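Peer 1: task: produce atomic coordinates for the following.
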Amino acid sequence: MADTVRTRIAPSPTGDPHVGTAYVALFNYAWARKNGGQFILRIEDTDRERSSPASESMIFEALHWLGVSWDEGPDVGGPFGPYRQSERFEIYRKHAERLLAAGAAYPCFCTKERLEALREAQRKAKVAHALGYDGHCRAIAQGDGRRRREAGEPHVIRLAMPREGETVVADLLRGELRFDNTLVDDQVLIKSDGYPTYHLANVVDDHLMGITHVIRAEEWISSLPKHAQLYRAFGWGSPVFCHLPLLRNTDKSKISKRKNPVSLNYYRRAGYLPEALLNFLALQGWAIAEDREEFTLEEFIASFELSKVTLGGPVFDLGKLTWMNGKYIRRLTVPQLLERLRGDLVSDEYLLKVLTLAHERIEKLEDFVEYARFFFVGELEYDAEARAKLVAKRRTAAQTAQALDRLLEENLDQLLEWEPARIEETMRSFCDANGWKTSDLFMPVRVAVTGKAATPPLFETMEVLGKEICRRRLRRAVETLRGMKAPGGTGTHGGEDETP
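Peer 2: Numbers count the residues shown, from 1 in each chain. You can find the predicted model right below:
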């Protein structure tokens, strides 16, 4: 292993920047800084369908906001060429050829139809611990495989996992981990379109970039035998593996957007201070002392010991984070607090957006405060009038809740370019696909995100509020609708005292 500690964070730009990314980035950053090493940002964008430049930009911005800076990466460069995997395909192709030549990988020519039939047969047979792929193409001679590839026959390249014994891998926190090789699939390394999978690209990049410590979430433990086999097949020494405990909801389930805000954009927009969020994330599996919870990033780095991270599932308690954030706010002087407010929630940029929408709708300057209130508060309270309008005409509360839930989870959540035209297009497409009139759906959405029936134009308003505030309020509206009961226990109906 190299003398200089080198760690990395390798997010996929497939959505909003996740709080779990910040958690893992913090521990990687701290360990590199503690040891005078380097912290690298690498973008793993081999998922062509889901990767987005907009998501990548949000990752950069969120980490900068937190104060987690990197020494090498897409926007700062470094000695290893591109730091986006989409720009390193020739490197992965050459390494895959090395594995083929060594017999550590093989071309697989199985058709989609054969693989689907195989999976169906395994399901019907109720095969315990089914391998998934049955190794059908492993028997093809190397020469025959090469000729078929050269002839242009569609194929993927698979890793030839050992079929006997165990793969043993050391983890810094968990000790020796053992995997039964008969239960590990022959992983696809190069897809039929020539794109690498995560597993090959990840291992090749970690080695070529000199990563000494792979510090990542425990959900990747299942990939360890495949990664270990790749290191051995290439003849490379392995880095130190350290799998951090997953962040959990208060019910101990894996943190999810249905139970907690997970986007870093939300925490910034809601007014959480980056130093408070970093302090809170550092506590997820580690403590500076038994009787101390508050410390600076510099204090964390100075005292951090990676081997002392605890494995008990850390609870991402939003209430505790909010309490801690309040303590950090109260430490600020009033001028400092004003500066923070002007930096985000009441910045000139944000105020100009709100004023543009409110300009034609107020008679006195003081009207602005009440008219634009929903642009500046967090949670909304729905009064009786708003609750009535929250239920769509000709629909029950339950039906409205179901529609808003689907609109959010399956449609709006997928938007990375949060702009009026895209929001409107998405909502109209949802109505067309689900048999809703736009007028019936748009009013519940308007009330959900503003608490009012009369507001500036809906889609422009949603743009200014931002995706995370809209998501939070739509989720709250769904919960409110599901809690509504009509006489007899059925959902209430919308409209003007409509009867079933």
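Peer 1: just say helix, strand or coil for the nearest residue to E419 once chain neighbours are set aside.
Peer 2: Computed as C-beta to C-beta, 6 or more residues apart in numbering, the closest residue to E419 that is not its neighbour in sequence is E463, at 5.8 Å. No exception for glycine: its C-beta is placed from N, CA and C like everyone else's. Put simply, E463 is helix when judged by DSSP: H, G, I helix; E, B strand; the rest coil.
Peer 1: I469 and L208, how far apart?
Peer 2: 42 Å (C-beta to C-beta, to the nearest Å).
Peer 1: what about the closest residue to F295 other than its chain neighbours, how many neighbours?
Peer 2: Spatial nearest neighbour of F295, excluding adjacent residues (C-beta to C-beta, 6+ apart): I288 at 5.0 Å. As a burial measure, I288 scores 17 neighbours (other C-beta atoms under 10 Å).
Peer 1: more neighbours, I469 and L208?
Peer 2: A side-by-side neighbour count of I469 and L208, using other C-beta under 10 Å, places I469 first with 22 against 14.
Peer 1: can you tell me the SS state at the nearest residue to W220 once chain neighbours are set aside?
Peer 2: The shortest distance from W220 to any non-neighbouring residue, by C-beta to C-beta, 6+ apart, is to H243 (6.5 Å). Following three-state DSSP, we place H243 in the strand state.
Peer 1: against I221, how distant is the closest residue to D171 other than its chain neighbours?
Peer 2: Counting by C-beta to C-beta, 6+ apart, F241 is the residue found nearest to D171 once chain neighbours are left out, at 5.1 Å. F241 sits 9 Å away from I221, going by C-beta to C-beta.
Peer 1: what touches both of these two?
Peer 2: With contacts defined as C-beta atoms under 8 Å, 6 or more residues apart in numbering, the residues adjacent to both F241 and I221 are D171.
Peer 1: more crowded one of the two?
Peer 2: Set F241 next to I221 and count neighbours by other C-beta under 10 Å: F241 wins out with 21 against 16.
Peer 1: you'd agree that one is up against S223?
Peer 2: No - using C-beta atoms under 8 Å, F241 makes no contact with S223, being 10.3 Å away.
Peer 1: give me the common contacts of these two.
Peer 2: With C-beta under 8 Å, 6+ apart, F241 and S223 have no common neighbours.
Peer 1: from the contact counts, what lies against the helix or strand of the chain with the lowest mean pLDDT?
Peer 2: Using mean pLDDT, DSSP states H and E, the weakest-scoring helix or strand in the chain turns out to be helix 112-125, at a mean of 88. Under the contact definition 3 or more C-beta pairs under 8 Å, 6 or more residues apart in numbering; DSSP states H and E, helix 112-125 sits against no other helix or strand.
Peer 1: buried residues of it, list them for me.
Peer 2: Buried residues in helix 112-125, counting neighbours by 16 or more other C-beta atoms under 10 Å, are found at L118.
Peer 1: ditto for stretch 58-78
Peer 2: For stretch 58-78, by 16+ other C-beta under 10 Å, it's 58-60, 62-63, 65-66, 68, 70, 72-74, 78.
Peer 1: do the same with stretch 447-464
Peer 2: Under 16+ other C-beta under 10 Å, the buried positions of stretch 447-464 are 447-452, 455-456, 458-464.
Peer 1: and of the residues you listed, the nearest to T333?
Peer 2: Top of the list for closeness to T333, among those and by C-beta to C-beta, is V464 at 29.9 Å.
Peer 1: so who does the closest one touch?
Peer 2: Listed by C-beta under 8 Å, 6+ apart, the contact set of V464 reads Y350, K353, V354, L357, F375.
Peer 1: try it again at 7 Å.
Peer 2: Contacts for V464 (C-beta atoms under 7 Å, 6 or more residues apart in numbering) come out as K353, V354, L357, F375.
Peer 1: repeat for P314
Peer 2: For P314, the contact set (C-beta under 7 Å, 6+ apart) comprises P245, L247, R248, Q284, G285.
Peer 1: skipping adjacent residues, who's closest to M161 in space?
Peer 2: Nearest non-adjacent residue to M161, counting by C-beta to C-beta, 6+ apart: V184, 5.0 Å away.
Peer 1: just V5 next, same as before
Peer 2: Using C-beta to C-beta, 6+ apart, the nearest residue to V5 is G37, at 3.2 Å.
Peer 1: show me what contacts the closest residue to A104 other than its chain neighbours?
Peer 2: Counting by C-beta to C-beta, 6+ apart, A233 is the residue found nearest to A104 once chain neighbours are left out, at 3.6 Å. By C-beta under 7 Å, 6+ apart, the residues touching A233 are L99, A102, A104.
Peer 1: A233 and L311: what is the separation?
Peer 2: Distance from A233 to L311, by C-beta to C-beta: 30 Å.
Peer 1: and M462, by the same measure?
Peer 2: 41 Å.
Peer 1: got it, and L159?
Peer 2: Taking C-beta to C-beta, one finds L159 at 29 Å from L311.
Peer 1: count the residues that sit near the nearest residue to W236 once chain neighbours are set aside.
Peer 2: In space, and not counting its chain neighbours, W236 is closest to H207: 5.1 Å by C-beta to C-beta, 6+ apart. H207 has 17 neighbouring residues, counting by other C-beta under 10 Å.
Peer 1: distance of H207 from A32?
Peer 2: Taken as C-beta to C-beta, the span from H207 to A32 is 18 Å.
Peer 1: in terms of pLDDT, where does the residue nearest to W220 sit?
Peer 2: Note for H243: predicted pLDDT of 97.
Peer 1: hang on, it packs against E218?
Peer 2: Yes - checked against C-beta atoms under 7 Å, the pair H243 and E218 is within contact range at 4.3 Å.
Peer 1: ok so, going back, buried subset of the contacts of V464?
Peer 2: Looks like the contacts of V464 have K353, V354, L357, F375 buried, using 16+ other C-beta under 10 Å.
Peer 1: if I pick the third one, what's in contact with it?
Peer 2: Applying C-beta under 7 Å, 6+ apart to L357 gives the contacts P456, E460, T461, V464.
Peer 1: contacting residues around stretch 57-65?
Peer 2: Applying C-beta under 7 Å, 6+ apart, the contact partners of stretch 57-65 are P11, P13, D16, P17, A25, D75, L264, N265, R268, P274.
Peer 1: do the same with stretch 272-287
Peer 2: Contacts for stretch 272-287 (C-beta under 7 Å, 6+ apart): 22-23, 26, 65-67, 244-245, 247, 267, 293-295, 297, 300, 308-310, 314, 321, 324-325, 328-329.
Peer 1: helices of the stretch 251-400 of the chain, start to end?
Peer 2: 264-270, 274-282, 297-303, 318-331, 334-343, 348-358, 367-371, 384-390, 397-406 (DSSP state H, counting those that start in this stretch).
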